[in-house]
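*Asks:* Using only what follows, build the 3D model:
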Amino acid sequence: MSTSTLDATRAELGLLVLYLNKAEARDKICRAIQYGSKYLSDGKPGTAQNVDKTTSLARKVFRLFKFVNDLHALISPTSSGSPLPLILLGKSKNALLSTFFFLDQIVWAGRTGIYKNKERAELIGRISLFCWMGSSVCTALLELGELGRLSASMKKLEKELKQADKYKEEQYLAKLKQSNERLLSLIKASMDIVVAIGLLQLAPKKVTPRVTGAFGFVTSLISCYQLLPASRTKTKMT
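*Replies:* Below is the predicted model of the structure:
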């Protein structure tokens with residue numbers, strides 16, 4: 001093995017270590033396993049369903065005290081120039097996500113036997129899922145709004161460039177990259193709404209465990225992609 005090949009391998013392994021050291025990345029990998037198992041089990045007892053249940057419980061440990069993140073975002077000042085409706089959507093998303101993660105800790109306590117009232121724990125579990133669904137709706141609407149703003153900004157920039165090649169302009173390419181990232185987030189949030197509907201069994205005939213598992217698996221893969229160190233490095237360079 002040549003020195004250059006060894007250096008390249010070392011660099012790639014370094015990025016993998018950096019990626020796996022993130023608690024969020026490990027959580028999303030577990031999420032992919034969880035929903036992949038849900039898809040395979042289709043709600044029927046067996047090995048796949050056991051993997052689904054045990055992975056779901058394990059993920060709750062990763063999320064202990066995670067509500068603090070969105071609580072901090074909720075009380076943090078917003079960026080100047082953002083329209084009030086988008087600010088309100090962002091704050092609503094933070095409030096709902098923070099509530100979801102907080103209530104999810106009680107659900108974990110109930111499933112492990114620390115919290116003894118099982119009926120109340122199940123009710124809190126449903127409330128937490130409604131909060132997560134609400135946050136996904138807010139995220140989808142927020143991304144739609146931001147995509148509209150970006151589209152208008154890009155059209156204005158195209159007029160200013162006139163005959164120049166827009167794909168050679170760094171400012172245009174940066175906005176195009178932002179647009180693609182927000183479109184991916186919109187797709188993920190929209191699919192997560194379906195996952196929440198499936199978990200809450202609001203439409204059991206249409207959103208079956210297999211459909212829930214398939215959508216959840218895809219959104220997990222999207223989350224894993226969004227957390228890649230290489231993509232974040234490229235974003236900073238743009």
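
*Asks:* Pull the number of nearby residues for Ala203.
*Replies:* If you count neighbours by other CB atoms under 10 Å, Ala203 ends up with 12. Heads up, the C-betas are built off the backbone N, CA and C, glycines and all.

*Asks:* In this structure it contacts Ala196, no?
*Replies:* No. In this structure, Ala203 is not within contact of Ala196 by CB atoms under 8 Å, at 11.0 Å.

*Asks:* What strand or helix carries Glu146?
*Replies:* Using DSSP states H and E, the element containing Glu146 is helix 118-161.

*Asks:* tell me how far that helix is from the chain's mean position?
*Replies:* Helix 118-161 sits 11 Å away from the centroid of its parent chain (CA atoms, centre = their mean, to the nearest Å).

*Asks:* just stretch 36-49 next, same as before
*Replies:* 23 Å.

*Asks:* Please export the C-alpha coordinates of that stretch as PDB.
*Replies:* Output in PDB follows, covering the C-alpha atoms of stretch 36-49 (Å, rounded to 0.1, in the frame of the first residue of the first chain):
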ATOM      1  CA  GLY A  36     -36.100  -0.900   9.000                       C
ATOM      2  CA  SER A  37     -37.100  -3.500  11.500                       C
ATOM      3  CA  LYS A  38     -40.600  -2.100  11.700                       C
ATOM      4  CA  TYR A  39     -40.900  -2.400   7.900                       C
ATOM      5  CA  LEU A  40     -39.800  -6.000   8.000                       C
ATOM      6  CA  SER A  41     -42.100  -7.000  10.900                       C
ATOM      7  CA  ASP A  42     -45.200  -5.200   9.500                       C
ATOM      8  CA  GLY A  43     -46.500  -5.100  13.100                       C
ATOM      9  CA  LYS A  44     -46.300  -8.900  13.500                       C
ATOM     10  CA  PRO A  45     -44.500 -10.600  16.400                       C
ATOM     11  CA  GLY A  46     -41.100 -12.000  15.800                       C
ATOM     12  CA  THR A  47     -37.400 -11.100  15.700                       C
ATOM     13  CA  ALA A  48     -37.900  -7.900  13.600                       C
ATOM     14  CA  GLN A  49     -40.500  -6.600  16.000                       C
END
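
*Asks:* what mean pLDDT would you report for the helix holding Glu146?
*Replies:* Mean pLDDT, computed over helix 118-161, is 93.
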